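**Q** Coordinates only, no sequence provided:
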């Protein structure tokens, strides 16, 4: 969820920081981050539960979606500040040599996870959840013109999702210099966070446009099975 957190940072500190007092101090700082992550994930889990429920209601308005995503963004920005603040603290307390070694471990972890995701994608390409949504449209919309319009609208949303997902995947210590830079400033990280948040807002917009368009094109009977399939994308 957070690009500013260093992969395997705790393991890196355990391995590279020799002084026991400094190691204890750094691990104490990490607890602030861990607590924030748990809080964010708990809120996010409840928010997604609410979203899936509202998605099944064909009368859910565009205004509700706008308010929902504004609330999610406020929560995200609050936690991003904590992540950035803790990142600055770690940068100041870790020595140059320790940082270089820790970042080498983080880089290796990113490479490992990227390769793992690529293998995973190859195995599940026929089970892609976007195809599940397409199948739900085909299976439940008998009228050819409506089916075509819905599939085209969903294709626009999927293309936007893929574009933004790829952008997020490319932001890591191997591809983004400031994430590997011990001297990265708070201002630089805030600019990066704002860029990511703008992309997320764009995705939220695409999501809402697709669902509101679908409301006008399907019946109540058609809506439920199609949206049950769509909700799988949120799991």
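**A** Okay, I see it. Quick caveat, the model's predicted, so the values are computed rather than measured.
**Q** quick one, phi psi at residue 176?
**A** Backbone torsions for residue 176, taken as degrees, to the nearest 10, come to phi -120, psi 110.
**Q** Please read off the pLDDT at it from the model.
**A** Looking at residue 176, its pLDDT stands at 87.
**Q** now the lowest-mean-pLDDT helix or strand in the chain, how far from the chain's geometric center?
**A** When each helix and strand of the chain is scored by mean pLDDT, DSSP states H and E, helix 96-124 comes last, with a mean of 81. Computed by CA atoms, centre = their mean, to the nearest Å, the separation of helix 96-124 from the middle of its chain amounts to 17 Å.
**Q** counting contacts, what elements does whichever helix or strand comes after it pack onto?
**A** Using DSSP states H and E, the helix or strand that follows helix 96-124 in sequence is helix 129-140. Counting contacts by 3 or more CB pairs under 8 Å, 6 or more residues apart in numbering; DSSP states H and E, helix 129-140 packs against helix 144-169, helix 220-231. Glycine gets a C-beta too; all of them are placed from N, C-alpha and C.
**Q** Nearest to residue 45 among the ones you listed would be which one?
**A** Closest of those to residue 45 is helix 220-231, at 14.1 Å (criterion: CB to CB).
**Q** List the buried residues in the closest one.
**A** Residues 222, 223, 226, 227, 229, 230, 231 are the ones in helix 220-231 that count as buried (16 or more other CB atoms under 10 Å).
**Q** do the same with stretch 75-92
**A** So for stretch 75-92, counting by 16+ other CB under 10 Å, buried means 76, 79, 80, 82, 83, 84, 85, 86, 87, 89, 90, 91.
**Q** Make a markdown table from the buried residues of helix 220-231 and add pLDDT and distance to residue 4 to it.
**A** Output for these, formatted as a markdown table (pLDDT from 0 to 100; distance: CB to CB, whole Å):
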| residue | pLDDT | distance to residue 4 |
| --- | --- | --- |
| 222 | 96 | 43 |
| 223 | 96 | 39 |
| 226 | 96 | 37 |
| 227 | 96 | 34 |
| 229 | 94 | 34 |
| 230 | 94 | 31 |
| 231 | 93 | 30 |
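**Q** Downstream of the helix ranked longest in the chain, the next helix or strand is which one?
**A** When the chain is parsed with DSSP state H, its longest helix is helix 20-55. Counting by DSSP H and E, the element after helix 20-55 in chain order, helix or strand, is helix 62-93.
**Q** low-confidence ranges in this protein?
**A** 1-2, 118-127, 235 (pLDDT under 70).
**Q** The same query, at a cut-off of 90, please.
**A** 1-11, 29-41, 43-44, 75, 78-79, 82-83, 86-87, 105-129, 165-178, 233-235 (pLDDT under 90).
**Q** measure stretch 132-146 end to end?
**A** Terminal residues of stretch 132-146 lie 18 Å apart, using CA to CA, to the nearest Å.
**Q** returning to that earlier point: now the longest helix of the chain and helix 96-124, what's the angle there?
**A** Interaxial angle of helix 20-55 relative to helix 96-124 (axes from the mean of the first three to the mean of the last three CA atoms, to 10 degrees): 30 degrees.
**Q** returning to that earlier point: ok and the least confident helix or strand of the chain relative to helix 62-93, angle-wise?
**A** 140 degrees.
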